[in-house]
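# What shape does this take:
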Amino acid sequence: MKFCVFTDLHYDVIPDGDRRIYELIQECKRKKAEFAVELGDLCNPTKENHRILDLFIDAGIPCYHSIGNHNTDFSSSEKVLNFFGLKEGYYSIIRDNIKFIFLDPNHIRTESDCTPECNANLTASSDKSPYIPKEQIEWLKSEIADENYFYIICSHQSLSNDFMVGNHLRGIVNREAVRKVLEERNSLSRKILFCINGNDHGDDIKLINGIYYYSLNSASYIWHSVKETYNYSKEVHDKYPYLKDIILYEEPLHVIITIDENTNVEIEGMKGHYQNVTPEDIGIADTWNGVSIRPHTSSLKISASGV
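Residues are numbered from 1 along each chain as shown. Below you'll find the predicted structure:
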């Protein structure tokens, strides 16, 4: 099995989204990827943007989507789900003997349990989001119970990032509870191959209690809002007002993942370049929000034994 994974394109924020999608599709074809996994924040759920989904369909490359926190910035959760053709934000798909579990942490914890995060209803002072509801955790337990499958856990937000931005957590608030479910499953027999997420716009790998957690870098950029930079025409900046606050990567960063018949995993990363502004230019280090913001994605091999 071979597939491509990418995340955080943010099509509506950048001027070269079409080029990046085209290059991702061409890379899928060149590497003979059977399908693609997109880990969230692809684009706003508009009628015009449905053409992005159609490009993968027309190329004969099935693409499975996670819901990102910015997918619902200007839309209801229902509109986002309809855009991607999903009944729920969490779901599973089966490819051969591997089940892909897509979690949906885009909820705000409340006294009664939670409410969906949408239309930018999350306050910056919150320590209650992103959050995976109790019923979703129970669903996860049932989804990973079958001994006939191995499992890959996909989510937009991280199950491993403990970094705080002010008093707001980058990772999933109840990540330890979710990790406990995965660890208990692996204590019976090793079935969780790895977990992979987007959101952090950076590169990171952690091994926690025998399970790898891979944070995938953005297919587009680093968001910083530290120092405004203007490197494009006035017309481009007027159309894409957030450009002044981001560092664009030149290449659409991604990984190609191969899993052999013995469930050995090889994650093939890539090296890229900054487009025209570097972290050094604006006075920040090459780590941000707890992850590396160098223009690359890491490679990793995980043997069937989990080492």
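# Give the phi and psi angles for F194, as a check.
Dihedral pair for F194: phi -170, psi 170, per degrees, to the nearest 10.
# Could you list everything the spatially closest residue to it that is not a sequence neighbour pairs with in the sheet?
Closest residue to F194 apart from its sequence neighbours, by CB to CB, 6 or more residues apart in numbering: Y212 at 4.3 Å. Bear in mind the C-beta positions are built from the backbone N, C-alpha and C, glycine included. Beta bridges link Y212 to L207, judged by DSSP bridges.
# Show residues contacting stretch 10-17.
9, 20-21, 41-44, 49, 52, 70, 218, 220-221, 232, 236, 239-240, 242-243, 246, 248 (CB atoms under 8 Å, 6 or more residues apart in numbering).
# now do stretch 82-94
45, 49-50, 53, 64-65, 67, 77, 80-81, 99-104, 106, 136, 139, 143, 149.
# ranges for the helices of the stretch 151-300 of the chain?
For the stretch 151-300 of the chain, helices defined by DSSP state H, counting those that start in this stretch occupy the ranges 175-188, 234-239, 279-282.
# Would you mind giving the ones you listed as CSV with mean pLDDT added?
Formatted as CSV, the helices of the stretch 151-300 of the chain follow (pLDDT from 0 to 100):
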stretch, mean pLDDT
helix 175-188, 96
helix 234-239, 96
helix 279-282, 94
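# Would you mind giving these as CSV with distance to M270 and mean neighbour count added?
Putting these into CSV (distance: least, CB to CB, whole Å; neighbours: other CB atoms under 10 Å) gives the following:
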stretch, distance to M270, mean neighbour count
helix 175-188, 27, 16
helix 234-239, 26, 11
helix 279-282, 19, 14
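# Reformat the ones you listed into TSV and put distance to E228 next to each item.
Below are the helices of the stretch 151-300 of the chain laid out as TSV (distance: least, CB to CB, whole Å):
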stretch	distance to E228
helix 175-188	33
helix 234-239	10
helix 279-282	9
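# Buried subset of the contacts of stretch 10-17 as a ChimeraX selection?
To isolate the buried subset of the contacts of stretch 10-17 in ChimeraX, counting by 16 or more other CB atoms under 10 Å, use the following:
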select :9,20,21,41,42,43,44,49,52,70,218,220,221,232,240,243,246,248
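# if we can go back for a sec, which of the contacts of stretch 82-94 count as buried?
So, by 16+ other CB under 10 Å, the buried ones in these are 45, 49, 53, 64-65, 67, 77, 80-81, 99-104, 106, 136, 139, 143, 149.
# Restricted to strands, list those.
Judged by DSSP state E, strands contain the following of the buried ones among the contacts of stretch 82-94: 64-65, 99-102.
# And those residues, which two are furthest apart?
Using CB to CB, the two most remote members of these are H65 and K99, lying 16.4 Å apart.
# Do a quick rundown of the strands in the stretch 201-307 of the chain.
Using DSSP state E, counting those that start in this stretch, the strands of the stretch 201-307 of the chain run over residues 204-208, 211-215, 221-223, 246-248, 255-259, 265-268, 270-271, 287-288, 291-292, 296-297, 300-302.
# starting at the chain centroid, how far to the fifth one?
I take that to be strand 255-259. 15 Å (CA atoms, centre = their mean, to the nearest Å).
# Give me the buried stretch members for that strand, please.
Quick answer for strand 255-259 (16+ other CB under 10 Å): 255-257, 259.
# Report the central residue of the protein.
Compute the mean C-alpha point of the chain, and by CA atoms, centre = their mean the closest residue is G198, 2.4 Å away.
# Quick check: that one touching V37?
No: contact status for G198 versus V37: not in contact, 10.0 Å apart, counting by CB atoms under 8 Å.
# So for those two, which residues contact both of them?
Counting by CB under 8 Å, 6+ apart, the contacts common to G198 and V37 are S66.
# how close does D12 sit to E48?
Between D12 and E48 the distance is 10 Å, computed by CB to CB, to the nearest Å.
# ok, now L55?
On the measure of CB to CB, L55 and E48 end up 13 Å apart.
# Same question for N262.
Plainly put, N262 is 44 Å away from E48 if you go by CB to CB.
# Pick out whichever of L55 and E48 has more residues nearby.
More crowded of L55 and E48, by other CB atoms under 10 Å: L55, with 16 against 9.
# I'd say the more buried one and E23 touch.
No: using CB under 8 Å, L55 is not in contact with E23; the gap is 11.5 Å.
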